[in-house]
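*Asks:* structure for this input, please:
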Amino acid sequence: KLNGNVSSQFEEKTKGTLGWRNSLFGIKWNSKVGSRVYSNLEASISSYNLNFLDEYSLEEENKFSSNSSKYKSGIQESRITMDASVYINENNLAKFGLGITNYSFLPYERTYSIRDENYVSPVNFYELDTVLLSSSFDTYEHYSFIENKTYFDRGYINYGIRFTQYSDEFDDVIYYQPKIYSLFNIAKKSQFRLSYSITNQFIQLIPNNNLGLPVDIWLPVSNSLKPIAVDQIAGKFNYKLAQGSLSIGFFNKKFNQIAEYNLNTPNVYSQNWEANIVQGIGRSYGIESSFDYIINSFSFNLAYTYCRSNRTIENINGSELYYSKFDRPHDFSVWSSYSFSKNKKLMLSFNYISGNPITLPVGRYITYINDEPVILEDYDEINNFRLPAIHHVDISYSIEKQHKKFSSTLVLGVYNVYNRFNPFMAFIGLDE
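*Replies:* Numbers count the residues shown, from 1 in each chain. All right, here's what the predicted structure looks like:
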């Protein structure tokens, strides 16, 4: 919460609710054709829906004014895919497939309500309700791919290419997406993995940087919103210990045409959304490490990730590099368990993750429009404030039981044992 000073003749109140829902339904059919061919057929429907309510009121000695905004948004994905694996010989396993995906960006609905009342003169009363609706967007992806896994003495190499045709009501475009992945056994107890790929994403996740609220929205690629192109290279070294394992890896992603809301239009719930989006380049890179240890009834796992995520977009933060909303430098976790018997286990864990950047106004003041007080906020840069880190200790005890026709597990646990107040969002207030 941020505090500010204002005359006691004003009282400010805010109220907000946020809810979202995910649903998924799918079927899968596997079959064997002869001794060398295995095929898979899948169909699925998934959806995501968001509902957001924001209410605000400002009361003076003789006047009361309030406004509320309700927002709804969603996306539905329908997918059908088919692939087959072909055993060519003892050194080669080929795979090919095709599929189609339909993205339906459901119409968003935004409702405005405004109320003004004069306590001195009850006749002076004003109220307005307005509903804005957008048209829906439907886009399609038709794709096919072919790849081959070639085995050699110390490992294998997997290489292939994917062809994707993206279609909307305005255009059809074809993209080529190659990939290569290799595994090399250095010695009996150590191995190294290395991969490189070029991918495209045809729906854009537009982050809402204000105050840390998780109300990001998905938007379709269009003439004005280009698809993301990602170049990624990653590697990982694994070493097997006598009673555990050790691994360390790296990754580096470069993004082109990554999207952001223009700082001059901080409201993400705009009907004319295309005019408020700008695109640029981004990068995400880091290292990942983990250590596992098992001895008798005791298990232990330690993991640490260092990751940075930045962007450079024209007209955002002076066209200079800045950290994105998804930048969390440190992610550290420790997990351990002790088995008292075959079906009784005690588990203890600690998690720590850096806070992410959010956008806060550099100034906030009251002005009058048509003799009515209005709160104005002055924004300078995107992601100019970082939330505090999140950390907590969790403990649980589980009992497993095998029945005649099914099994059951009873888990008793305590989340956040030391009652840490971890931040969820920032709230800007005037009166305290």
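*Asks:* can you give me the strands in the stretch 201-350 of the chain?
*Replies:* 203-206, 217-220, 228-241, 244-261, 277-295, 298-312, 322-323, 330-339, 344-353 (DSSP state E, counting those that start in this stretch).
*Asks:* so which of those strands is nearest Lys28?
*Replies:* strand 203-206 (23.4 Å; Cβ to Cβ). Bear in mind the C-beta positions are built from the backbone N, C-alpha and C, glycine included.
*Asks:* partners of the closest one in the sheet?
*Replies:* strand 217-220 (antiparallel) (DSSP bridges).
*Asks:* residues making contact with the partner strand?
*Replies:* The contact list for strand 217-220 (Cβ atoms under 8 Å, 6 or more residues apart in numbering) reads 48, 50, 73, 75, 103, 105, 137, 139, 168, 202-206, 208, 225, 259, 268, 273, 277.
*Asks:* let's go with 6 Å and repeat that
*Replies:* Contact partners of strand 217-220, identified using Cβ atoms under 6 Å, 6 or more residues apart in numbering, comprise Ser73, Ile75, Phe105, Phe137, Thr139, Ile203, Gln204, Leu205, Ile206.
*Asks:* ChimeraX command for the buried members of those residues?
*Replies:* In ChimeraX, this line selects whichever of these come out buried by 16 or more other Cβ atoms under 10 Å:
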select :73,75,105,137,139,203,204,206
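*Asks:* re earlier: now render the strands of the stretch 201-350 of the chain as a markdown table, adding mean pLDDT and distance to Pro361.
*Replies:* Formatted as a markdown table, those follow (pLDDT from 0 to 100; distance: least, Cβ to Cβ, whole Å):
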| stretch | mean pLDDT | distance to Pro361 |
| --- | --- | --- |
| strand 203-206 | 82 | 20 |
| strand 217-220 | 77 | 21 |
| strand 228-241 | 96 | 29 |
| strand 244-261 | 94 | 15 |
| strand 277-295 | 94 | 20 |
| strand 298-312 | 96 | 20 |
| strand 322-323 | 94 | 17 |
| strand 330-339 | 96 | 27 |
| strand 344-353 | 96 | 26 |
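*Asks:* of all these, which lies closest to Lys63?
*Replies:* strand 244-261 (33.2 Å).
*Asks:* and the angle for that closest one with strand 277-295?
*Replies:* Orientation check (axes from the mean of the first three to the mean of the last three Cα atoms, to 10 degrees): strand 244-261 against strand 277-295 gives 170 degrees.
*Asks:* picking that back up, can you put the strands of the stretch 201-350 of the chain in a markdown table and add distance to Asn419?
*Replies:* Below are the strands of the stretch 201-350 of the chain laid out as a markdown table (distance: least, Cβ to Cβ, whole Å):
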| stretch | distance to Asn419 |
| --- | --- |
| strand 203-206 | 33 |
| strand 217-220 | 34 |
| strand 228-241 | 37 |
| strand 244-261 | 33 |
| strand 277-295 | 29 |
| strand 298-312 | 24 |
| strand 322-323 | 30 |
| strand 330-339 | 19 |
| strand 344-353 | 14 |
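*Asks:* looking at these, which is nearest to Leu376?
*Replies:* strand 244-261 (18.7 Å).
*Asks:* direction included, what does the closest one pair against?
*Replies:* strand 228-241 (antiparallel), strand 277-295 (antiparallel).
*Asks:* ok, then the element right after the helix or strand of the chain with the lowest mean pLDDT?
*Replies:* Taking mean pLDDT, DSSP states H and E as the measure, the helix or strand of the chain with the lowest value is strand 125-133, at a mean of 62. Next along the chain after strand 125-133, taking DSSP states H and E as the criterion, comes strand 137-152.
*Asks:* which residues touch that next one?
*Replies:* 91-105, 156-158, 160, 162-168, 220.
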